[in-house]
Each structure stands twice: as structure tokens, then as C-alpha cells.
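Colleague: here is my input, please return the structure:
(one chain, ligands or ions: 2)
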Amino acid sequence: MSGIAYIVSAPSGAGKTTLCKMAAKEFPDIRNSVSYTTRKQRPGEVNGVDYWFVDDAVFDGMVSRGEFLEYADVYGKKYGTSKKDLDAMLEKGMSVILEIDVQGAANVRKRMEGGVFIFILPPSLKAAEDRLTGRGKDTPGEIKRRLGIAAEEIRKAPEYDYIVVNDDLDKAFETFSSIIRAEKARSARVKGALKGFFGGLIG
Ligand code: ADP
Ligand code: 5GP
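Modeller: Residues are numbered from 1 along each chain as shown. Ligands and ions are numbered 1, 2, ... in the order given. A predicted model of the protein is given here:
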């Protein structure tokens, strides 16, 4: 059975990186997709783990060779998902979480079938601001820039299959992981794997 692609978007500070990392720990068959970006590496981030950090020339080369499933300008920097990396994992039966912005998610929806779209909401914009300040990795100017487009991003939430409010982290993860479990059990996905079982009653 091919893996499932979970497409996760949220305004900055909602806690999506936190939830996606928790999911990769909880589910042995789930990996977080490693995007390419031209943004500067933050302290503590690891090249090839958090992102592939590349310059504009490398990124633009990948765009011109058609290597991205989707890419977008987000908060003034470029971010993209490698089609080859994603397909390789899905074909192996691994499920993959794509933590991408709302523009990228809209493009994936057009180009790929079977994806599960999840939007993470902070309990309030103030909470998102406090979390970004508490994370201590972005300048006050960068935080302002990110929160400036949060309302526009949140307006896209109804286009997603699921919305998870990340107020209490444990409760939010319970919802997030329940979505993952339910999607794994969808009959449309499981049907192929059942072929030949139960004396041919199914499949
Ligand atoms: P995003 O990836 O959406 O920008 P992060 O996952 O980096 O957000 O979270 C931003 C900050 O908020 C981090 O310091 C994280 O530890 C913290 N955080 C995440 N979820 C919660 C929560 N439910 N309550 C309080 N703080 C949280
Ligand atoms: P950050 O700089 O905080 O890691 O991420 C900024 C924004 O870029 C987030 O909304 C994140 O989801 C988005 N992003 C990260 N990787 C990709 C990607 O490959 N494609 C797109 N479209 N957005 C991405």
C-alpha cells in the first residue's frame, strides 16, 4: 500500500512544527518531508533534517528543471517540496507530512490525489505572537511580518479536510493523531491490501 501524504498548514506560531515532530515520533511509518528553502538557518536547525538550506541559484535551478511538486514565496523567502523525495517515500509505503504554506497546499491539491489536508489554528493571534516571541528564533520585525498575513492564511482554513485548534498541546496532539489513525483505516486505502483475503469476499 502506498503511503499517505498529510498536508499541514498554519499561521506562524500555531505550533505545527511541534505537532508534526510529535507525529513522526509516535508513528514509525511517518516521516516529515524535508523542504528546500532560501531562508537563513536558525540556531539549532540542522541542514537535511529541518530543511535543505540552499541559495537562490540552487533553488532557481531546481525550479527550472521542474524538480518541485510545489514551491512558493513565503514571508519573502522561497520554499519548495522535492517531487522525487516525496514519491520515493510514498512508494516505499512511508507516509509523509508536508508542512507547507496555504499557497503550496492549494497547488498540491491540484497536482496530487489522496492527500489529507489539515489546518492548525492557534487559540488566538495573541497566543501565536507570544509563542513566536517565546520561541526566540525570529526578530520582532520578522514576527510582525509573519503575524501580518496570519488572518489571510486563516481565511483558507475551511478549504482543509480537518481543522485542529492547538490550545492545550496534548489535546491538540490527540486530535491530530486521531486524524492520522482514521485516515489509515479509510476503506478506499485499505481495500487494495485486502485483495485475496476472506476467500475473495473483499476486493
Ligand atoms: P509553527 O511551526 O507553527 O510556527 P512551532 O511548532 O515552532 O510553530 O511553535 C511555536 C512555539 O510555540 C514553540 O516554542 C513551541 O514550543 C510552542 N508551542 C507549540 N504548541 C504550543 C501549545 N499548545 N501551547 C504553548 N506553546 C506551544
Ligand atoms: P519557517 O520559516 O517558519 O520554517 O516556515 C515558514 C512557512 O513556510 C511555513 O508556513 C511553512 O509551512 C512554509 N513552508 C515550509 N516548507 C515549505 C514548502 O516546501 N513549500 C511551501 N509552499 N511552504 C513551505
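
Colleague: surely L98 is in a helix?
Modeller: No. Counting by DSSP: H, G, I helix; E, B strand; the rest coil, L98 is not found in a helix; it is strand.

Colleague: residues contacting it?
Modeller: Remark: with contacts taken as Cβ atoms under 8 Å, 6 or more residues apart in numbering, L98 is in contact with A5, Y6, I7, V8, S33, S35, T81, L86, G104, A105, V108. Any C-beta I mention is one placed from the backbone N, CA and C, and that applies to glycine too.

Colleague: ok, 6 Å please
Modeller: I7, S33, T81 (Cβ atoms under 6 Å, 6 or more residues apart in numbering).

Colleague: with W52 instead?
Modeller: V34, Y36.

Colleague: gap between the helix or strand encompassing it and the chain center?
Modeller: Of the helices and strands defined by DSSP states H and E, W52 is found in strand 52-53. Relative to the chain's own centre, strand 52-53 is displaced by 16 Å; criterion: Cα atoms, centre = their mean, to the nearest Å.

Colleague: same question for stretch 178-191.
Modeller: Relative to where its chain is centred, stretch 178-191 has its mean C-alpha point 18 Å off (Cα atoms, centre = their mean).

Colleague: now do stretch 146-154
Modeller: Taking Cα atoms, centre = their mean, the mean C-alpha location of stretch 146-154 is offset from the chain mean by 17 Å.

Colleague: what does that stretch contact?
Modeller: The list of residues contacting stretch 146-154 from outside it, by Cβ under 6 Å, 6+ apart, reads P11, S12, Y75, V102, L125, E129.

Colleague: flag every buried residue along it.
Modeller: Within stretch 146-154, the residues that qualify as buried are R146, L147, A150, E153, I154, counting by 16 or more other Cβ atoms under 10 Å.

Colleague: and the last one, what's its pLDDT?
Modeller: According to the predicted model, the pLDDT of I154 comes to 96.

Colleague: so it versus V46, what's the distance?
Modeller: Between I154 and V46 the distance is 30 Å, computed by Cβ to Cβ, to the nearest Å.

Colleague: next one: the fourth one
Modeller: When Cβ to Cβ is the yardstick, E153 and V46 sit 26 Å from each other.

Colleague: circling back to that earlier point, now the contacts of L98: which count as buried?
Modeller: In these, burial by neighbour count holds for I7, S33, T81, counting by 16+ other Cβ under 10 Å.

Colleague: give me the contacts around the top helix by length along the chain.
Modeller: Longest helix in the chain, counting residues (DSSP state H): helix 169-184. With Cβ under 6 Å, 6+ apart as the contact definition, helix 169-184 has outside contacts at I4, L19, M22, E26, V116, Y162, V164, N166.

Colleague: can you lay out the residues you listed as JSON lines showing secondary structure, distance to I97 and neighbour count?
Modeller: Below are those laid out as JSON lines (DSSP: H, G, I helix; E, B strand; the rest coil; distance: Cβ to Cβ, whole Å; neighbours: other Cβ atoms under 10 Å):
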{"residue": "I4", "secondary structure": "coil", "distance to I97": "9", "neighbour count": "21"}
{"residue": "L19", "secondary structure": "helix", "distance to I97": "9", "neighbour count": "23"}
{"residue": "M22", "secondary structure": "helix", "distance to I97": "11", "neighbour count": "17"}
{"residue": "E26", "secondary structure": "helix", "distance to I97": "12", "neighbour count": "13"}
{"residue": "V116", "secondary structure": "strand", "distance to I97": "10", "neighbour count": "20"}
{"residue": "Y162", "secondary structure": "strand", "distance to I97": "13", "neighbour count": "18"}
{"residue": "V164", "secondary structure": "strand", "distance to I97": "13", "neighbour count": "24"}
{"residue": "N166", "secondary structure": "coil", "distance to I97": "15", "neighbour count": "24"}
